[in-house]
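Colleague: Got a sequence here, can you model it:
(one chain, ligands or ions: 1)
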Amino acid sequence: MKPTKIADGVYDVGVIDWNIRDFHGYSTDRGTSYNAYLVIDEKVALLDTVKAHFADELIGNISQVIDPKKIDVVISNHTEMDHTGSLPRIMNLVGEDKPLYCSKMGAKNIASHFPNTWNYHPVRDGETLSLGKRTLTFMETRMIHWPDSMFTYLKEDHILFSSDGFGQHYAGFERFDDQAGSEAMVQAKKYFANILMLYGPRILKLLEKVVASGIRIDTICPDHGVIWRETPGEIIDAYLRWSRQEAEKKAVVIYDTMWKSTETMAKAIAEGISLTGVKVKPIHIRSSHRSDIMTDVLDAAAVVVGSPTLNNQMFPTVADVLTYMKGLKPANKIGGAFGSYGWSGESVKLVAAELAAMKFKLIESGPRLQYVPDNAGIEACIAYGKKIGEAVNAG
Ligand code: FEO
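Modeller: Numbers count the residues shown, from 1 in each chain. So this is what the prediction gives:
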């Protein structure tokens with residue numbers, strides 16, 4: 001692919017992964033990209049690499065801008081192998097003695113991934129590196145997304161190279177936010193909900209520190225998806241909102257169903273919620289990927305979960321979603337549980353216990369109906385939905 005010029009002497013030389021559809025259980029239905037950046041000054045720096053099997057393409061892209069052997073400095077902002085997989089090829093090509101800048105944790109982690117004797121330069125938070133006329137500043141950003149993660153800031157061009165931060169799993173020849181349109185924010189939200197939500201408090205602290213420092217950021221270059229050159233402020237504001245887990249007046253009713261009884265209940269509960277003026281979305285688990293469900297959970301004020309009872313347990317797909325959800329640590333949610341059963345009916349209690357373990361504020365014991373809901377059962381579901389909606393409105 002032709003490299004993308006970002007500023008004079010600054011290029012994205014990364015690759016597009018058009019066909020990836022699963023990334024550790026995250027449905028990457030729009031593919032992704034692994035971005036890598038060249039900064040050409042008196043010294044030439046390469047920031048990050050790409051997955052191992054795209055190494056040839058990366059080298060081809062770099063070669064369209066500069067002879068790879070002229071790279072003086074390699075910087076690894078994050079050790080995960082979608083960004084370091086090609087590091088062995090790159091170090092071999094540019095020279096194993098060339099300095100490799102990374103965080104202290106990065107130096108340890110890279111050595112645990114690739115046996116090597118590279119010339120590590122572990123950096124402190126705030127440490128700078130002069131490339132000649134331009135200066136790079138390294139910022140420690142632990143847990144965005146690994147303990148080794150850091151950002152690199154190019155002062156003279158006001159460009160932030162943000163590794164996984166502000167990324168999106170989005171493949172496209174549209175390399176900038178203004179070219180991709182609203183899809184960039186849609187995919188950024190999904191990325192945050194599924195990869196970074198649990199680190200929200202830490203991200204919030206970091207962003208507040210960055211905002212307070214007054215550093216000017218004109219362009220954000222993440223390692224996935226489009227580059228934010230038109231709306232860097234909007235994506236930073238979105239990250240502040242998402243990190244705080246600010247909720248909209250919105251509820252999700254997530255359920256699975258066997259003979260459509262739990263589905264009938266879900267629709268009636270959703271109807272009850274809707275009667276209070278709260279936006280609501282019923283989501284059938286086997287019709288939606290867990291990563292799309294989490295995107296809806298991120299800014300929902302209420303999460304209501306329904307399950308039939310199967311062999312004295314909640315339905316397995318419901319357990320899958322709840323396990324995934326628990327790991328991502330959603331906060332400040334109103335919770336509700338409901339379900340249908342044939343003869344034992346443990347699911348509602350089990351689901352409620354999972355929601356309570358996530359510290360959701362539970363709205364009493366939700367409807368638990370045997371076999372097929374009758375009119376009274378449906379009315380009970382509508383009434384339960386109204387209670388949920390009223391709790392959301394009471395905020
Ligand atoms: Fe895109 Fe955490 O790697």
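
Colleague: Burial check on residue 165, number of neighbours?
Modeller: As a burial measure, residue 165 scores 29 neighbours (other CB atoms under 10 Å). Yep, even glycine has a C-beta here, placed from its N, CA and C like the rest.

Colleague: oh, I was asking about residue 383
Modeller: Counted by other CB under 10 Å, the residues lying close to residue 383 total 13.

Colleague: Does the host helix or strand of it pack against any helices or strands, and if so which?
Modeller: Assigned by DSSP states H and E, residue 383 belongs to helix 375-394. The contact analysis (3 or more CB pairs under 8 Å, 6 or more residues apart in numbering; DSSP states H and E) places helix 375-394 against strand 248-255, helix 261-274, strand 300-306, strand 334-341.

Colleague: List of residues touching the first one?
Modeller: Residues from elsewhere that reach strand 248-255 (CB atoms under 8 Å, 6 or more residues apart in numbering): 262-263, 265-266, 269-270, 273, 277-285, 293, 296-297, 299-307, 318, 321, 334, 339, 388-389, 392-393.

Colleague: hmm, try it at 6 Å
Modeller: 262, 266, 269-270, 273, 278-283, 296, 299-300, 302-306, 392 (CB atoms under 6 Å, 6 or more residues apart in numbering).

Colleague: Please indicate which of the residues you listed are buried?
Modeller: 262, 266, 269-270, 273, 278, 280, 282-283, 296, 299-300, 302-306, 392 (16 or more other CB atoms under 10 Å).

Colleague: Heading C-terminal from the helix or strand harbouring residue 39, find the next helix or strand.
Modeller: Assigned by DSSP H and E, residue 39 belongs to strand 37-40. The helix or strand immediately downstream of strand 37-40 is strand 44-47, counting by DSSP H and E.

Colleague: To what extent is residue 146 buried, counted in neighbours?
Modeller: By the measure other CB under 10 Å, the count of residues near residue 146 is 17.

Colleague: And the residue of the stretch 151-300 of the chain that's closest to the ligand?
Modeller: Closest approach between the stretch 151-300 of the chain and the ligand, counting by CB to the nearest ligand atom: residue 164, at 4.5 Å.

Colleague: I'd guessed that residue sits against residue 143; true?
Modeller: No. The pair residue 164 and residue 143 does not pass the contact test of CB atoms under 6 Å, sitting 10.1 Å apart.

Colleague: Roughly how far does the nearest residue to the residue of the stretch 151-300 of the chain closest to the ligand once chain neighbours are set aside sit from residue 202?
Modeller: Distances taken as CB to CB, 6 or more residues apart in numbering put residue 145 closest to residue 164, at 4.2 Å, once the chain neighbours are dropped. With distances taken as CB to CB, to the nearest Å, residue 145 is found 11 Å from residue 202.

Colleague: ok, these two, which is more surrounded?
Modeller: Neighbours per residue, other CB under 10 Å: of residue 145 and residue 202, the larger number sits with residue 145, 21 against 15.

Colleague: wait, doesn't the more buried one sit right on residue 165?
Modeller: No. Contact criterion CB under 6 Å: residue 145 and residue 165 do not qualify, at 7.9 Å.

Colleague: quick one, what contacts whichever residue of the chain sits closest to the ligand?
Modeller: Closest residue of the chain to the ligand, CB to the nearest ligand atom: residue 80 (3.5 Å). By CB under 6 Å, 6+ apart, residue 80 lies in contact with residue 146.

Colleague: Can you measure across stretch 152-164, start residue to end residue?
Modeller: 12 Å (CA to CA, to the nearest Å).

Colleague: Redo the helices and strands packed on helix 375-394 as a markdown table? Include distance to the ligand.
Modeller: What follows is the helices and strands packed on helix 375-394, written out as a markdown table (distance: least, CB to the nearest ligand atom, whole Å):
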| stretch | distance to the ligand |
| --- | --- |
| strand 248-255 | 27 |
| helix 261-274 | 34 |
| strand 300-306 | 25 |
| strand 334-341 | 30 |
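
Colleague: want to try CSV for the ones you listed, with mean pLDDT as columns?
Modeller: Shown next, in CSV, are those (pLDDT from 0 to 100):
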stretch, mean pLDDT
strand 248-255, 98
helix 261-274, 98
strand 300-306, 98
strand 334-341, 98
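
Colleague: helices and strands around the worst-scoring helix or strand of the chain on mean pLDDT, which ones?
Modeller: One helix or strand of the chain scores below all others by mean pLDDT, DSSP states H and E: helix 200-213, with a mean of 92. With contacts taken as 3 or more CB pairs under 6 Å, 6 or more residues apart in numbering; DSSP states H and E, helix 200-213 sits against helix 232-244.

Colleague: Go ahead and name everything in contact with the helix it packs on.
Modeller: Counting by CB under 6 Å, 6+ apart, 166, 192, 200, 203-204, 207, 217, 220, 228 sit against helix 232-244.

Colleague: Tell me where the stretch 1-150 of the chain has helices.
Modeller: 55-63, 81-84, 87-94, 104-113 (DSSP state H, counting those that start in this stretch).

Colleague: Dump the last one to CSV, restricted to CA.
Modeller: Taking only C-alpha atoms (Å, rounded to 0.1, in the frame of the first residue of the first chain), the coordinates of helix 104-113 have been written out as CSV:
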residue,chain,number,x,y,z
LYS,A,104,11.2,-0.5,31.0
MET,A,105,8.4,-3.1,31.1
GLY,A,106,8.6,-3.1,27.3
ALA,A,107,12.2,-4.2,27.4
LYS,A,108,11.4,-7.1,29.6
ASN,A,109,8.3,-8.1,27.7
ILE,A,110,9.9,-7.9,24.2
ALA,A,111,12.7,-10.1,25.5
SER,A,112,10.1,-12.6,26.6
HIS,A,113,8.5,-12.7,23.2
